[in-house]
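>>> sequence and predicted model, in that order:
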Amino acid sequence: MFKVLRVVIGRDLLLSMRRRADVANALLFFILVASLFPLGVGPEPNLLRTIAPGVIWVAALLASMLALGRMFAADYADGALEQMLLASAPLGLIVIGKAVAHWLVSGLPLMLLAPVLALQFDLPIDALLVLVASLALGTPSLTLIGSIGAALTLGVRGSGVLTSLLVLPLYVPVLILGTSAVDAAAGGVTVQAHLLLLTAFLIFAGAFAPWAAAAALRISLD
Amino acid sequence: MFKVLRVVIGRDLLLSMRRRADVANALLFFILVASLFPLGVGPEPNLLRTIAPGVIWVAALLASMLALGRMFAADYADGALEQMLLASAPLGLIVIGKAVAHWLVSGLPLMLLAPVLALQFDLPIDALLVLVASLALGTPSLTLIGSIGAALTLGVRGSGVLTSLLVLPLYVPVLILGTSAVDAAAGGVTVQAHLLLLTAFLIFAGAFAPWAAAAALRISLD
Amino acid sequence: MLEVVDLRCERGERALFDGLEFKLPAGALLRVAGANGSGKTSLLRILCGLALPARGDVRWQGESIRALREEYHRQLVYIGHAPAVKDELTGRENLAVSCALGGTPADAAVVGAALERVGLDGYADLPARHLSQGQRRRVALARLAACEATALWILDEPFTALDTTAIGCVQEMIAEHLERGGIVVFTSHQEVMGASITAYTIELGG
Amino acid sequence: MLEVVDLRCERGERALFDGLEFKLPAGALLRVAGANGSGKTSLLRILCGLALPARGDVRWQGESIRALREEYHRQLVYIGHAPAVKDELTGRENLAVSCALGGTPADAAVVGAALERVGLDGYADLPARHLSQGQRRRVALARLAACEATALWILDEPFTALDTTAIGCVQEMIAEHLERGGIVVFTSHQEVMGASITAYTIELGG
Amino acid sequence: MNWESFDAFLAMGGYGFYVWGSYAVTFALIAMEVVLLRLRGREIMNQLIRAERPRRSAP
Amino acid sequence: MSRPSEAAQSPRPSFGGRINWFKYSSPQSFFPLAGAAIPWFAAAAALFCVAGLYVSFFVAPTDQQQGEAYRIIFIHVPAAWMSMFIYLVMAFWAGAGLVFNTRLSGMMASALAPTGALFTFVALWTGALWGKPTWGAWWVWDARLTSELILLFLYFGFIALTAAIDDPRRADRAAALFALVGVINIPIIYFSVQWWNTLHQGASVSLTRAPTMAATMFAGMILMALGFWMYSIAAAFIRVRCIILERERNTEWVAEYMREQR
Ligand code: HEM
Ligand SMILES: Nc1ncnc2c1ncn2[C@@H]1O[C@H](COP(=O)(O)OP(=O)(O)OP(=O)(O)O)[C@@H](O)[C@H]1O
Ligand SMILES: Nc1ncnc2c1ncn2[C@@H]1O[C@H](COP(=O)(O)OP(=O)(O)OP(=O)(O)O)[C@@H](O)[C@H]1O
Ligand SMILES: [Mg+2]
Ligand SMILES: [Mg+2]
C-alpha cells in the first residue's frame, strides 16, 4: 500500500527531474510576476513595501494555480491516469502521492525563493520569516484544494468555470490569512493566530481533499 | 487566399463557441486577479486607486498570457496544425487569422470588462477611457508577440511556463506604456505620446510577429 | 472466472448493447468484434470498472467488481487505446512504474526480459519520446510479459500499429497466458489469433 | 510526377535511410513498408515538406517542393497518424474546414456525400468527441472522397482502427484515384491492397 | 599612487563594501564560469573515453 | 529578420569558388582552430584585465563628487557594453544559422549565451551596488535598468529554450528565432537614456564627441572592456568545443580525435 505511495511520489519526482525546465520555469514565472507588479505600479518604495505581502502571496497563488495544470492533465492525455484508477491501492492514496510530489517541486522552491523576492520590496526581516512560514503552511493547502479542481476539469463534464468558482472560495481564506500574517508581522503584531488558522486549514484540506479529488477523477474518466 | 483567412477565423471562433467554458475561464482569471489584489493588499481606498492601473494591466497581461496556451497547443496535439502547414495559403496568413480569432475571444472581452473592474478601484472617468484605449491598443500586441512564444514552445516539456519566460520580457514595454498612460490620465497629464507609442508597437508587431510565428511553427513541427 | 450479467451500456442517447451475458472460465479467450462505433471500447472499460454500466453487473470469481475494487485491480491488466507510456521516462522506467502501480512489482531482471521479449532490447534506455508509434505500443505491451501472474488481461486493439514480428510476439504471449489458465479479453478488427486457439467471439452492434 | 533524389533522414544520431531515390509517375501506388521505427512516418513527413531531410530533395513535376510551397500543398492530401479531427466540431464541420484549408473548398452536398461514402451518414452531425476511435479516423479519411481532384495522396497507416467495411471503402477510393491518374503513397503493416493493383513497395530499415 | 596605506586601499574612502563587492562578485563569477567549463569539458572527455573503450576491445 | 520562414528553409547556397568560408563553418574544422586560439585569447584577457585593474585603482584619480565609489565604473560599463555586444554577436550567429543552415552557427550562438548572461548579471549587480551610495536605492524601475533586466531574461529565455528542446538542430533553430526577435531590446537599452529621462547616466563616450571624462578613466574602461572581450571569446571557444564534442560524439572524426589524444 505505502509501496504504491512511494512509487507514485518517486515517479512524479522523476518525471519532474526529467523536465527540470518545467520546475525552473515555474520559479521564473513566480519571479517575473512578482517583478512585474513594481513595473505596473510604479517605483515608489513606500508604496511597494505596503503592497509587498499581497503581491508575493498573489504571485505564489497564481504560480501554484498554474502549476495545477501539470498535475493530472498529462497523465490523462496519455492514458496513465486510467492505469492509476486501476492500481492496486486506493485512488485517494495515489492522489496524496501526486499532491506531495507536486508540492515538492512547485510549492517548496517557491517558498524558498520568496524571501529573496521580498528583499526586492525591502520587507523587514521578521516579516520575511513569517512570509516563509505562511507560505509553508499555505501552499500545501493550495495544492490540495487545487487537486480537486484539476481533477474535475479533466473530463468533458466538469465545466472549467464551475470548478474555478468552486476552488476559489477555498483559495481566498488562505490568501487572506497568509497576507494578513505577514502584514501583522511587518506591523509588529503577534501572528500566532493567523498561523494556527493556516495549520488548521491545512490539516482539514489534507484529510478531505484527496478523497474528493479521487471521486472527481472517477467522474471525469467515466 | 483571403478565403482561407476567413475560414481560419471562422473555424477558431466556432471552436471557442463550442468550448465557451474555456473562454469564460480566461475572463474569470482576469476578474480573479484584479479582485484578489484588494484582498491581498488591504482595503485602503487611496492605496487602491494608486495601484489600480498597474493591477488591472498586470491582470490583463497575465490573462492574455495564459490564454496563449490555447492558441496552437490543441491543434498541435491532434494534428490539425500539420494540416495548416500544408494549407493552400501562406502560413503567416493563417497565423494572422488565428491571432485575430484569439484576440476576439481573449482580448476583446477583457477590454470590455476592464472598466467595470476599474470602478471597483474608484478610478476617475477619463482614466477609465484611457484604460480601455490602452488595452485596445495593447492587448492585440500581446497576442501577436505571444503567438511567437506559443509557437516556439510547441511540443516542449513544460511549455506553458517556458512560453511566459520567453514572452514576458517582450510584454514589459507594453505593460509600462499602458500603465503609464492610465497613470498620466489619472494625473491629468496628456496621454497622446503613450498611446502613439502603443500604436507604433502594435503596427510593428502586426507586421513582423505573424511571420516570425510562422517560422517558429515550421521549426517546431520539423 | 469473469462473469457478466445483463449488461446494458448507453452512450449519448443510444443503447450500444443490452442484456449482454457471458461467463469466461479460466483459460478462456474472448474476442470482442464489431464495426467501428459498435461499443467494443465501451464494453472493455466497463469490464475494468472504469465506466459504469447503465444496468447489470460485472463479477470476478462470483463477486461484483465494485465491491472488490483494488483486489480486482491486482488481478487485472488493462491496455487501452492510449498506451499510458510517459514520454519522459525510458522504456525500462515506464514498465517498472506500471508494474508497481498494478501491484505486481517487477525487478530489473524481469523488466529487462520483458522488454527484450517485445523486441525493444536496443531501445530500453531511450526516453519514450524518441520512439516511433509502434515502439511505444510495444512498451505498453511489454507489461504482459512482465505481469504473467496476473489472471485477467483486457486488451483494446493490441495489434494496432504493430509490425508482423510484434504481432506474432503478442499472439504468443496470449497463447501462453491461456495455457497458464489466464483469461484474455481483446478487441480486434482482424482475425489475428490464428486457428490454433479457439476464441469465443462477441459480435457487437449490427 | 513525384520524384525523390538522394534522400537522407537522420533522427537523433542515427541515419534512418540514405540515398533513397524513386520516381512515381501518374497513376502509381507506393507502399512504404518496414518494421516499427524504421522511418516510414519520417519519410512521409519529408515527402509532404513538413520535415527537412538531412540531404536530398523532393520534386513535384520536376520542381523542388520547397520552391513550390503552397502550390504543392494545393495538390496534396496528407493524412497522418494524428487524424486532425477537432473534438468540438461535427464530422461535417471538420470535413468542410479541412477541405477549405487544403484549397479545395467543398460545398454541403460534396461534404455530405463524402461522409456517406465512408459510412458516417448517421453520425455527420455529432461532435467528433462522441465518436469512437474508428469513426474519427473515418472522418479524416472522408477527405479523400471530398478531394478527389487532388493529385497526390500521402496516407500514414490509413487502415488503422478501421473495421473491414471501412478498409474496403478506402481501398476502393484509392483504386479509383489511381485510375484517375492520381498518385498515392501509403504505409501499412499489412498487405491490404489486394492483388488487383500493383503497388511499388519500399522496404525501409533492415 | 592614490593610496596612503593598504587599509586606505581596502576602505575605498568608505565605499569599500560597494567597490569590493562589485569586483569580488565579478571575478568570482568569471572564476566560476571557468571552473564550470573545465568540468563540462572533462565530463564529455570522460564520456567519450568510456564510449571508446568497448569499441576498441571489439575487433 | 525579414521572412526568416523562407530563409530557414532555403538550402545551403553554393558560392562560386566554394573554398573559403564554409570550410571553417563545419564543426570538424573549427574545432582545432578554436583549440589553437584559446590560449592566445586567454592570455590577452589576463593581460588587459591586469592592466585595466592597475589603471582603475592606481592611476585614475579620485572623483570629486562620488569619491571612490565611482571606481565601480571600471567594471560596470565594460560589463554593460559586453552584455549588449555579446547579444548582438549571438543574434548574428543565430541569423546566420537560420539562413545558411550551418551547424556551427547554432553552436556558436548557444556557446555565447551563458557568458552574455554573466556579463548582464554583472552589469546589474555592479549597477545596484553603485546605485545604493549614489542614488540611495539598490534598484529603481527606470528605463535603462528595466531594459537591462529584460536583457537578462532574454538570455535566460534563450538558454531555457535551447535546453528544453532535445533535438539539437530544432533547438538551435528555435532559439535562433527567439534571439532575433529579442534584438529589438538592444537599441532600447542603448537609447533609453535619450528617449526617456531617467536617473541613469547618459552616454559619455561617443564616436562623435570627444570623451567628456578624464583620459585616464577612459583608458581604464577601455582596457577592462578589452579584457572582458578577449575573455568572452576564450570562454565561448571553450564552450563551443564542449558542445561540438557532445553533439558529434558518434562521428568518425571525433573518434579519430580521441585516438590522437592518447
Ligand atoms: C542596476 C542598475 C544599473 C544598470 C542595469 C545599468 C546599466 C547600464 C548600461 C546598460 C550601460 C551601458 C550603456 C551605454 O553604453 O550607453 C551603463 C553605463 C553606465 N552606467 Fe549604468 N546601470 C546601472 C546603475 C548605474 C549607476 C547606479 C550608475 C552611477 C550612478 C551608473 C553609471 C553608469 C555610467 C557612468 C555609464 C557609462 C555611460 C557611458 O559613458 O556610456 N549606472 N549602465
Ligand atoms: N523526435 C524524435 N527524436 C529522435 N528520434 C526520433 C524522433 N521521432 C522518431 N524518432 C526515431 O526515428 C525512428 C523512426 O520513427 P518513425 O516514426 O518514422 O517510424 P515508423 O517507421 O513510422 O514506425 P511505426 O511503424 O512504429 O510507426 C524511430 O526509431 C524513432 O526512435
Ligand atoms: N463520450 C461519449 N459520449 C457520447 N457517445 C459516445 C462517447 N464515447 C463514445 N460514444 C459513442 O459510443 C459508441 C461506441 O464507442 P466505442 O469507442 O465503444 O466504439 P468501438 O467499438 O470501440 O469502436 P472502434 O472500433 O471505432 O474503436 C460510438 O458510436 C460513439 O459515438
Ligand atoms: Mg475502440
Ligand atoms: Mg509511423
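Sure thing, it's come through. Given the structure is predicted, the values throughout are model-derived calculations rather than measurements. Residues are numbered from 1 along each chain as shown, chains lettered A, B, ... in the order given. Ligands and ions are numbered 1, 2, ... in the order given.

>>> which element is the residue nearest the centre of chain E on?
Centroid-nearest residue in chain E: E:Ala31, 1.5 Å away (criterion: CA atoms, centre = their mean). In this structure, E:Ala31 is located in helix E:16-57 according to DSSP states H and E.

>>> surely C:Ser38 is within a strand?
No - assigned with DSSP: H, G, I helix; E, B strand; the rest coil, C:Ser38 falls outside any strand and is coil.

>>> next up, the contacts around it.
C:Leu16, C:Leu204, C:Gly205, C:Gly206, D:Ser132 (CB atoms under 8 Å, 6 or more residues apart in numbering or on different chains). For glycine as for every other residue, the C-beta is placed from the backbone atoms N, C-alpha and C.

>>> now with 6 Å?
Shown in contact with C:Ser38 (CB atoms under 6 Å, 6 or more residues apart in numbering or on different chains): C:Leu204, C:Gly205.

>>> ok, now how distant is it from D:Met1?
Counting by CB to CB, to the nearest Å, the separation of C:Ser38 from D:Met1 is 42 Å.

>>> with A:Val33 instead?
56 Å.

>>> of these two, which one has the most company?
Neighbour totals were compared for A:Val33 and D:Met1, and A:Val33 leads with 26 against 14 (other CB atoms under 10 Å in any protein chain shown).

>>> give me the phi and psi angles of that one.
phi -60, psi -50 (degrees, to the nearest 10).

>>> pretty sure it contacts A:Val58?
No - applying CB atoms under 6 Å as the test, A:Val33 and A:Val58 come out as separate, 8.0 Å apart.

>>> ok, A:Ala99 - contacts?
A:Ala99 neighbours (CB under 6 Å, 6+ apart): A:Thr143, A:Leu144, A:Ser147.

>>> going by distance to C:Thr198, which of these wins?
Nearest to C:Thr198 out of the contacts of A:Ala99 is A:Ser147 (CB to CB; 47.2 Å).

>>> tell me which helix or strand the nearest residue to A:Leu27 once chain neighbours are set aside sits in.
The shortest distance from A:Leu27 to any non-neighbouring residue, by CB to CB, 6 or more residues apart in numbering or on different chains, is to A:Pro109 (5.4 Å). Using DSSP H and E, A:Pro109 falls within helix A:91-120.

>>> residue ranges with poor pLDDT in chain C?
Within chain C, the segments meeting pLDDT under 70 span C:194-196, C:206.

>>> hang on, the earlier thing: near ligand 4, which of the contacts of A:Ala99 show up?
Counting by CB under 5 Å from the ion, nothing from these sits close to ligand 4.

>>> can you list the residues you listed in CSV and add pLDDT?
Below are these laid out as CSV (pLDDT from 0 to 100):
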residue, pLDDT
A:Thr143, 93
A:Leu144, 94
A:Ser147, 91
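
>>> got the contact list for residue 9?
All of this refers to chain A. Contacts of A:Ile9 by CB under 6 Å, 6+ apart are A:Gly97, A:Val100, A:Ala101.

>>> you answered for a different chain; I wanted chain E.
Contacts for E:Phe9 (CB under 6 Å, 6+ apart) come out as E:Trp3.

>>> next, the buried residues of the host helix or strand of it.
Using DSSP H and E, E:Phe9 falls within helix E:6-11. By 16 or more other CB atoms under 10 Å in any protein chain shown, the buried positions in helix E:6-11 come out as E:Ala11.

>>> average pLDDT for it?
Averaging pLDDT along helix E:6-11 gives 83.

>>> do stretch A:85-99 as well
Mean predicted lDDT for stretch A:85-99 stands at 93.

>>> for that stretch, which residues meet the burial criterion?
A:85-99.

>>> may I have the secondary structure class of F:Gln65?
Note that with three-state DSSP, the state of F:Gln65 is coil.

>>> residues touching the residue found closest to A:Leu137 once you drop the neighbours it is linked to in the chain, list them.
In this structure, A:Leu137 finds its nearest non-sequential neighbour in A:Leu198, 4.0 Å apart by CB to CB, 6+ apart. Contacts for A:Leu198 (CB under 6 Å, 6+ apart) come out as A:Leu137, A:Gly138, A:Leu177.

>>> what's the closest of the residues you listed to chain C?
Of all these, chain C sits closest to A:Gly138, with 29.5 Å by CB to the nearest CB.

>>> how much space separates the closest one from ligand 4?
44 Å (CB to the ion, to the nearest Å).

>>> buried sites along stretch C:187-206?
In stretch C:187-206, counting by 16+ other CB under 10 Å, buried: C:Thr187, C:Ser188, C:His189, C:Val192, C:Met193, C:Ala199, C:Ile202, C:Leu204.

>>> F:Asn162 contacts F:Ala175, doesn't it?
No, residue F:162 isn't Asn; it's Thr. Yes - counting by CB under 6 Å, F:Ala175 is a contact partner of F:Thr162 at 4.6 Å.

>>> looking at these two, which has the bigger crowd around it?
F:Ala175 (29 against 20).

>>> just confirm that one is within a helix.
Yes - in this structure, F:Ala175 lies within a helix as judged by three-state DSSP.

>>> next, see if stretch C:15-31 gets close to ligand 3.
Yes - Stretch C:15-31 lies within reach of ligand 3 by CB under 6 Å from any ligand atom, at C:Leu16.

>>> how far does that stretch sit from the chain's center?
Computed by CA atoms, centre = their mean, to the nearest Å, the chain-centroid distance of stretch C:15-31 equals 14 Å.

>>> now do stretch F:44-62
21 Å.

>>> and for it, what's in contact with it?
With CB under 6 Å, 6+ apart as the test, stretch F:44-62 has contacts from F:71, F:74, F:216-217, F:219-220, F:223-224, F:226-227, F:230-231, F:234.
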